[in-house]
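Colleague: no letters, just coordinates:
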């Protein structure tokens, strides 16, 4: 009886902890679901920026590229080389759009947090910030990578793919399974933690020394944001390449 009461009490405590939030959030009610409105707003803005740049740069393609077309082709070539390096010459082509979309969304999201004055726009609750400053966004990106990871291997090798979990010995089955499920956790928390920490440092410095120190820190934040997008894209492509090859 006491054990059952203890278990119920523990579950209730865990449920209460799951409702704890950091700061205030602006919610939209969509049917029976509550969503973070500020994350959706900033995500749509980032997507609009990417679509606008793509349409503007490719609306009049030339055999001899102009400056805008040159830039887009350079970005595409960079993403293609990154994907080819991590996944391999034979398998990389279908994954270029996925890796490119992920890396560009993260890159523009990170830079928007450093360059756009989100806090100028007032909300009933909370404030606007970069989409990658929210753990929900980074977890969603990591889960997409996991779906791609678990699709790439079975798609190429069928059920034989799952034989890797009992190699080199069946004793390692739990560890091999755990390893695959920790990958999205590491991806999401790495990106979220670095972006949040950078924005917090800049915000504190601006409040203390508003004129001199924050400027070089903001430039440093731009560099860090670009590096985080590159790291996420590289690891995502590496995981997909690992799954396709069928080894760790």
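Modeller: Perfect, thanks for sending it. Predicted, not measured: the structure shown is a model, and the values here were computed from it.

Colleague: what's the local residue count around the residue lying closest to residue 123 once chain neighbours are set aside?
Modeller: Distances taken as CB to CB, 6 or more residues apart in numbering put residue 26 closest to residue 123, at 4.6 Å, once the chain neighbours are dropped. Bear in mind the C-beta positions are built from the backbone N, C-alpha and C, glycine included. Residue 26 sits with 17 neighbouring residues when counted by other CB atoms under 10 Å.

Colleague: from residue 200, how far off is residue 26?
Modeller: 20 Å (CB to CB, to the nearest Å).

Colleague: shaky segments in this structure?
Modeller: 1-25, 118-120, 125-126, 202, 206, 209-215, 217-218, 246-248 (pLDDT under 70).

Colleague: just the strands in the chain please.
Modeller: Here the chain has its strands, by DSSP state E, at 27-30, 33-36.

Colleague: I'd like these laid out as JSON lines, including distance to residue 115.
Modeller: Converted to JSON lines, these look like this (distance: least, CB to CB, whole Å):
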{"stretch": "strand 27-30", "distance to residue 115": "26"}
{"stretch": "strand 33-36", "distance to residue 115": "22"}
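
Colleague: now for the lengthiest helix in the chain, which elements pack on it?
Modeller: Among the segments of the chain that qualify as a helix by DSSP state H, the longest is helix 173-208. Under the contact criterion of 3 or more CB pairs under 8 Å, 6 or more residues apart in numbering; DSSP states H and E, helix 173-208 touches helix 96-115, helix 135-157, helix 214-245.

Colleague: most tightly packed of the ones you listed?
Modeller: Stretch with highest mean neighbour count among those: helix 96-115 (a mean of 21; mean count of other CB atoms under 10 Å).

Colleague: so that one versus helix 135-157, what angle?
Modeller: What separates the directions of helix 96-115 and helix 135-157 is an angle of 170 degrees, with axes from the mean of the first three to the mean of the last three CA atoms, to 10 degrees.
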